[in-house]
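Q: Predicted structure and sequence below. I'll ask about it afterward.
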There are 4 protein chains.
Amino acid sequence: MVDFNNIIDFFEQSNIPENMLKRGQLVLNNFLKPIKILFEQKNVPKEPWSDDQIEFLLEILSNMDTDKDSQASRVGEREARIASRLHLKMSAGFCHGVGRSGFLTAPQPKAPGGSIMYEITNYLARNFLKNFGLPNINKAIVVPLCTGMSLALSLGALKPDIHSNKTKILVPQIEHRSILKAFDLMGFTQKVVEGKVFGDAVRIPIEDIRASLDSECFSVISLTSFFPPREHDDIKEISKFAKDNNLVHIIINAYGVQSPEWMKLIRSAIDAGRVDVIIQSTDKNFLTPVGGAVIASPDEEVITKISQAYPGRASAAPVVNFLISMLSLGINGYLKLIEQQQKNRNLLEEKLREVASKVNERVLEIFNPVAVAVSLENLKKEKLDALGGALYNLRVTGPRVYHSGESGESVFGTCCKYYPTPYIVMNAAIGAREEDIFSAVERFEKAYKQVAS
Amino acid sequence: MVDFNNIIDFFEQSNIPENMLKRGQLVLNNFLKPIKILFEQKNVPKEPWSDDQIEFLLEILSNMDTDKDSQASRVGEREARIASRLHLKMSAGFCHGVGRSGFLTAPQPKAPGGSIMYEITNYLARNFLKNFGLPNINKAIVVPLCTGMSLALSLGALKPDIHSNKTKILVPQIEHRSILKAFDLMGFTQKVVEGKVFGDAVRIPIEDIRASLDSECFSVISLTSFFPPREHDDIKEISKFAKDNNLVHIIINAYGVQSPEWMKLIRSAIDAGRVDVIIQSTDKNFLTPVGGAVIASPDEEVITKISQAYPGRASAAPVVNFLISMLSLGINGYLKLIEQQQKNRNLLEEKLREVASKVNERVLEIFNPVAVAVSLENLKKEKLDALGGALYNLRVTGPRVYHSGESGESVFGTCCKYYPTPYIVMNAAIGAREEDIFSAVERFEKAYKQVAS
Amino acid sequence: MVDFNNIIDFFEQSNIPENMLKRGQLVLNNFLKPIKILFEQKNVPKEPWSDDQIEFLLEILSNMDTDKDSQASRVGEREARIASRLHLKMSAGFCHGVGRSGFLTAPQPKAPGGSIMYEITNYLARNFLKNFGLPNINKAIVVPLCTGMSLALSLGALKPDIHSNKTKILVPQIEHRSILKAFDLMGFTQKVVEGKVFGDAVRIPIEDIRASLDSECFSVISLTSFFPPREHDDIKEISKFAKDNNLVHIIINAYGVQSPEWMKLIRSAIDAGRVDVIIQSTDKNFLTPVGGAVIASPDEEVITKISQAYPGRASAAPVVNFLISMLSLGINGYLKLIEQQQKNRNLLEEKLREVASKVNERVLEIFNPVAVAVSLENLKKEKLDALGGALYNLRVTGPRVYHSGESGESVFGTCCKYYPTPYIVMNAAIGAREEDIFSAVERFEKAYKQVAS
Amino acid sequence: MVDFNNIIDFFEQSNIPENMLKRGQLVLNNFLKPIKILFEQKNVPKEPWSDDQIEFLLEILSNMDTDKDSQASRVGEREARIASRLHLKMSAGFCHGVGRSGFLTAPQPKAPGGSIMYEITNYLARNFLKNFGLPNINKAIVVPLCTGMSLALSLGALKPDIHSNKTKILVPQIEHRSILKAFDLMGFTQKVVEGKVFGDAVRIPIEDIRASLDSECFSVISLTSFFPPREHDDIKEISKFAKDNNLVHIIINAYGVQSPEWMKLIRSAIDAGRVDVIIQSTDKNFLTPVGGAVIASPDEEVITKISQAYPGRASAAPVVNFLISMLSLGINGYLKLIEQQQKNRNLLEEKLREVASKVNERVLEIFNPVAVAVSLENLKKEKLDALGGALYNLRVTGPRVYHSGESGESVFGTCCKYYPTPYIVMNAAIGAREEDIFSAVERFEKAYKQVAS
């Protein structure tokens, strides 16, 4: 076959001078070099790749799959036949998807290129997490499922024997519908440990968790990234508790990779006790389209179980999307994003403080490296509703306005029985631009004044 | 905004003559017309669209999503931010995925275009199935999950109350790992009704199914498309049986849409008794990349339940892939594919009969509109293994070689305790080319003679 | 650098079995092999390449150009900087264009990849023409100029010394505006030898050409492909005449490559006398977008002169387009196109004969391997105009309706003083589909009857 | 046809809430709005368009061309048939090219969309030049030819009657091969007015030009952008001179658009005397791939003549490239580029001064808004050669090293008989990055010291 490292050999007899040919080879080598390093080291590159380099890699790998073999006779019922070339675009050529007969990471005989692609991607997932706060994990896989479904899959894989009576999961109060639904889907009961208000923050004391344990529980859940007023869980203590009580411990780290502080919590938890699974969203952490998650574990065996629990093949798209993000960001690109996120988070707080002081509100005292909450005590209930609408019309996407329930009833979203202060939450999440922060706060002030008047 | 139906108005003062401008508008209208018809009728087009027309539609819709809004301030934790433009390509611009808070078909406020896209796609799924054999379904959705996972999701959504003791599923013997794993994942026990040999065919008599029912069963599974020697189930009778006994009846129609005969079985079953869910693979039936399934039901409520059971959002890619297939094939394109499939199936049988008669083997008598099985009685066990290897080396993908277990033990893949005849199966599935059939049989003959000698 | 022939070496330690990796490498090799053959042989491939293979080659080569060098410091005034990535698409990455300081085929130090691309393309142009009728040419180049401008360039390069008084070109009557303008642009006078009617055909007798020669003529033009009633020139005799009289002989072979008969005329002409230049359109012969021509010569020196006469660099796009056509067609693809063209040409004549006999017209007896002319004697002048309009409205593109001038004046397009029969011309050119022929003739009949009634 | 301004009307019955649909329409309108403004105003947009918006426009327009008409019967010899879909990519779908029968700007009946595209592009060319220094031009066209060939075309179109004896062009000494070749190609003689050294600069005094005029001259050329030591011409005086003597005056403004100072020279020249044609490169000024030029004139009639002199059709690619640059830059984008260029130019001088002072050389005193020249008096001739090679190896592209001829002979590139000082020239041209300047000067210092030692 042609050796692209020696293209110029073919043109020795041409009228193109040798030094010019050598320069051409040099520039080409520059282009191809990162691929070699990736193949050798199977690590996230230090510097970002160009889109052309990424597409080149995907082109090479997808052309190893047998659906590209012009010499093949295809008499299977599934041969990655496609109706349109647009399908190639949308799957980066990996039409066979990932997984084989209900084993996600098993190599596919019809898709050697796709299998290599998936294997590399999983190496990068592990390498990335090791680089950004979790040196103590041993294995990670990218699954074409969101956080909630990844939780369901993990629970399904790690659930006790079918004849056991253990069907309960201990859950420090959370109110994300997707997570709650994961329990329902799998037929497990959640045993909720209620949140309590400490100053402005809502937390779930470890003693309350301990006290809630009963013999039907086989698992405990904990969370890092959260919306105020709920703070992250006391993950380290939960980890010890899980170890002591032989519970499957799953950490929902939905968008926590962006925060070294949240990642540190997980790291300590792994060291201190028992952590089975850590689940993170690919879109919220790694800037991919919605549809994937990274499931990691200190225990390789756990990942194998999860991978083997998946009933069938799956779309390669979320996997390729994760790979694209890894290569197009690189370690240094992600470091820059984190730095920018931290600046934006500080800016958001500072700007919100300014507005709050003008309108006699205050920034709530809640630990959160991404979000900031501001009280809305001077707006009545109907004004609070109007505030949400006004922000929508001003094209502010993503803020959430909560009002405490009247006469003390529980309000969905606060993770506690009664939260006294109405508030608004805004995020300075990874990938946001400084302009987002400036304009969002400005528009918030405008909307506030508008509805208040 | 600019009205593309009257582009030429802007050029009245130009030096381009009016009749030329009108011709241009006429040609453009021709290009855009199918989009209007689609929006109005929400049906699968009669004639195929060009790739350019499909991309144009996707471009329009994806540019309605708020991540494209240059005027927005984004302060959510999830805003469909992406690391690379390649992500747009792979998601056709639908970076928000589909679903909202664990309700797959719920419209997404941040993704109006994506929501329209998903809604249209689901209409097309229903319309397609109604056109191709199932006029008696009422609702269908495209899920970004394969057949096995779709089964798991359906079972999870339709399972009895958590406090019920019903955890068993009645299963006429099947041996697809993905389906078996779906039961395991969800924590259900399968109660298998064994296959029996009738002539060459393996079937599961309805009486045996009836006899296996016990009070812990809440569901029964049936299948259309199958590998010989197992034939499709007696779906109509199972449907009546499900109705009589109040069982959730799920039909796995993995690649059955291509066959009017298999589809007719389902149609009668719906009319005759109880069918809750019919699951079909998007890649095997509709020539998309691996990763999606169409879940259909005569009962809209059932689909709503399934849609609401999904814990979270999901990748839009498998949905868009299905949409692409619908538009690029059209009703007439699929009719042609079916016609070609039937020709190929006949050709496969004819050609295999020729070879079989030469080598003193025979085509097995098993009803199957896609696959054909040939006996391998004159090859000893080690030759059978060699045959598989030889075919692999000759680049025949998809054939399966089985040998009966020695001394009567059960052999995985035959769906019965003991199947006496070793055999090879080949498929003439939808999308295969005539050349595939010719060359596969030719290579089979070559391989057979090679190992036999 | 990474050696794509041994990708699998990098994955020996992976969990992908070796035989699977080998299969992947095999499929990839299949994909890459044509590139190697192209580099080694520099000939038009026998079989068509896929679009993916073509794009892969262009990607490799364009990544050898220095504008892709991430390590370069650029301090020239022209460095192939671009405003948008769309420019890369439109130039296939060859942003430096072709040519250097007024020497089209000179290698460009900043564009080693582009230089290789252009050199290969020119080899293919020569190889293609040698394969399809002109084994006796020695050199060909693809220029980013149409036929007329290529003629101007050739005349400019081959014109006599500036102090000579030779400024005339002998031209057997032609009426293509682009060609006539080429003479004007370059400041040459054409000495037209008038066409004469022989039966239905218009020809220019060689004796008349001979008789027209005067001492100020330095060149003679001849043509192959033509619109009826004008037939091709007597190129062989003109070639002898050119040799005898020391005239630069340029053959306009605008869309003649598709016809083995027209090509044979040129071949004989080269052997028999003097042919300096043969010019063929890339779009009309090779199915590229408009914008290029292939200039060929039996004499390498002539091509060098033309190449050196070009004042500056030029767009690479028409060159790349030609390359794309060569690779996507291959020798066998073009053979099939020729075969289809010949069938279509016969069909066109047959169908037109049928219509003609119905309406009492006749097919004119004129040699032309592409076009057919039918008399329109029963339509009066205003009806003839109406016929053109009617065909336009019926979306027949490309037919030409001519009417003889009243009272004997010359009519532009007939290449003679007075052509008695009004007529319509239709082409069955290379790349047309059978449906074009059927529907065009059908619509012609409809239009004829419409205007006649 | 579907009205994209009211997409949401089609979904009123859907389960997507109205306010969500309205938001979708709002975001889409945002995307489409610039197209409407372009169609209405036919001016360069103020703000840059996204690549998606540009592609959308091109898609709409190219789908007005008749080669996209699925209802057409095509019986012309040229119907924009293509061998591969890659051709669509490379031509943005404008397969018919531009021009008709030797009239570049004439609308093409088969290409209404392409004709609109070309007309808009030419409007933008004029509008752009009017915005950036030349309010007094009346017409501009984008030609798919480089500067040299554009000069040839202009000369061919504006040359005197064929029987006139005027065949000379007065040329203040220039040494760009492409320009010199343009004269040769067209058969004109250049009458060179020699450059003279004034301090460091080389200039051509207007008196010398006046003195060189003879009765055979019909044209005079002048230049703006130049390489040191040659400075721009005294264009205003040449313009007066041209008017007084009835000479065709063509200004080569090769890469002068980037400099308000050079543009001002042209503006004054137009006002003061006679300017027929101003030619500017599209790649050097507007960051397109190589292959186009903008030809402008204060006199619309002149442009019409040039447009009509072009013998045939031409590639649309260079035209589309110019359009892409206009839309992707916008007025504000270009203003930013100019600002950056000016900063870079100052930086280049400053950094070179620092190096020069270290090695006892000096920055030459020559007016040039793009380039800077530094003396190389302390390097002997062979060292000068070595310097060029060293810079090449250090990947500095574009610098030019000149040495004065020995014993006073003329040296090509200096535009004068004898230039005493050896020197190197570097450019801070539009589109260069600050890093280019920093690294180029740094590498120059390194190379200088290397060869000097």
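A: Structure received. Residues are numbered from 1 along each chain as shown, chains lettered A, B, ... in the order given.
Q: Run the chain-centre distance for stretch A:204-218.
A: Computed by CA atoms, centre = their mean, to the nearest Å, the separation of stretch A:204-218 from the middle of its chain amounts to 27 Å.
Q: Kindly report the same for stretch A:435-453.
A: Using CA atoms, centre = their mean, the offset of stretch A:435-453 from its chain centre is 29 Å.
Q: Now it: buried residues?
A: Residues A:436-437, A:439-441, A:443-445, A:447-448, A:451 are the ones in stretch A:435-453 that count as buried (16 or more other CB atoms under 10 Å in any protein chain shown). Every residue, glycine included, has its C-beta placed from N, CA and C.
Q: so what's the residue nearest to A:Met426 when sequence neighbours are not counted up against?
A: Nearest residue to A:Met426, sequence neighbours excluded (CB to CB, 6 or more residues apart in numbering or on different chains): B:Val75, at 4.1 Å. B:Val75 makes contact with A:348, A:396-399, A:426-429, A:432, A:436-437, A:440, according to CB atoms under 8 Å, 6 or more residues apart in numbering or on different chains.
Q: For chain B, tell me whether the helix or strand harbouring A:Ser439 is touching it.
A: Using DSSP states H and E, A:Ser439 maps to helix A:434-452. Yes. Using CB under 8 Å from any CB of the partner chain, helix A:434-452 reaches chain B at A:435-437, A:439-440, A:443.
Q: Can I get the contacts of B:Val75 in CSV including secondary structure and pLDDT?
A: Below are the contacts of B:Val75 laid out as CSV (DSSP: H, G, I helix; E, B strand; the rest coil; pLDDT from 0 to 100):
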residue, secondary structure, pLDDT
A:Leu348, helix, 98
A:Val396, strand, 97
A:Thr397, strand, 95
A:Gly398, coil, 94
A:Pro399, coil, 95
A:Met426, strand, 98
A:Asn427, strand, 98
A:Ala428, coil, 98
A:Ala429, coil, 98
A:Ala432, coil, 97
A:Asp436, helix, 97
A:Ile437, helix, 98
A:Ala440, helix, 98
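Q: helices and strands around the helix holding A:Ser439, which ones?
A: helix A:317-358, helix A:381-393, strand A:396-397, strand A:423-427, strand B:73-74 (3 or more CB pairs under 8 Å, 6 or more residues apart in numbering or on different chains; DSSP states H and E).
Q: Can you flag the weakest of the ones you listed by average pLDDT?
A: Ranked on mean pLDDT, the bottom entry among the helices and strands packed on helix A:434-452 is helix A:381-393, at a mean of 91.
Q: How about the contacts made by the closest residue to A:Leu124 other than its chain neighbours?
A: Spatial nearest neighbour of A:Leu124, excluding adjacent residues (CB to CB, 6+ apart): A:Met326 at 4.6 Å. When contacts are counted by CB under 8 Å, 6+ apart, A:Met326 touches A:44-45, A:121, A:124-125, A:128, A:286.
Q: Using the three-state scheme, assign the residue in the stretch 301-450 of chain A positioned nearest to chain C.
A: Of all residues in the stretch 301-450 of chain A, A:Thr304 sits closest to chain C, with a separation of 10.6 Å (CB to the nearest CB). When classified by DSSP: H, G, I helix; E, B strand; the rest coil, A:Thr304 comes out as helix.
Q: Please name the residues that touch it.
A: Here A:Thr304 is in contact with A:105, A:139 (CB under 8 Å, 6+ apart).
Q: mind redoing it with 10 Å?
A: Applying CB atoms under 10 Å, 6 or more residues apart in numbering or on different chains, we find A:Thr304 in contact with A:103-105, A:139, A:141, A:157, A:297.
Q: try A:Ser222
A: A:170-172, A:174, A:204, A:209, A:232-239, A:241-242, A:249-253, A:265-266, A:269, A:275, A:278.
Q: hmm, back to that, how near is the residue nearest to A:Leu124 to A:Phe128?
A: From A:Met326 over to A:Phe128 the distance is 6 Å, taken as CB to CB, to the nearest Å.
Q: cool, A:Ile338 as well?
A: Distance of A:Ile338 to A:Phe128, computed by CB to CB: 12 Å.
Q: Now do the domain split for chain A, please.
A: Here the domain assignment for chain A is A:1-41, A:112-329, A:333-452, based on automatic domain parsing.
Q: do you know which of those lies nearest D:Phe183?
A: domain A:1-41 (26.7 Å; CB to CB).
Q: what's the residue nearest in space to the middle of chain A in contact with, if anything?
A: The centre of chain A sits closest to A:Ser281, judged by CA atoms, centre = their mean, with a distance of 1.8 Å. By CB under 10 Å, 6+ apart, the contact list for A:Ser281 reads A:146-148, A:150, A:225, A:252-257, A:288, A:290-294, B:77-78, B:312-313.
Q: Same question for A:Gly291.
A: A:143-146, A:149, A:281-283, A:315, A:317-319, A:321-322, B:90-91, B:94-99, B:144, B:291, B:312-318.
Q: so A:Cys146 touches B:Arg100, yeah?
A: No. Between A:Cys146 and B:Arg100 there is no contact, the gap being 11.4 Å when judged by CB atoms under 10 Å.
Q: Overlap of the contact sets of the two?
A: Contact criterion CB under 10 Å, 6+ apart; residues shared by A:Cys146 and B:Arg100: A:178, B:312-313.
Q: Which members of those are classed as buried?
A: Buried residues within the shared contacts of A:Cys146 and B:Arg100, counting neighbours by 16+ other CB under 10 Å: A:178, B:312-313.
Q: Sitting in strands, which of those residues do you find?
A: Members of these lying in strands (criterion: DSSP state E): none.
Q: any chance of those residues in a markdown table, with pLDDT too?
A: Formatted as a markdown table, these follow (pLDDT from 0 to 100):
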| residue | pLDDT |
| --- | --- |
| A:Ser178 | 92 |
| B:Gly312 | 92 |
| B:Arg313 | 94 |
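Q: Inside helices: which ones of these?
A: Among those, the members falling in helices (DSSP state H) are A:Ser178.
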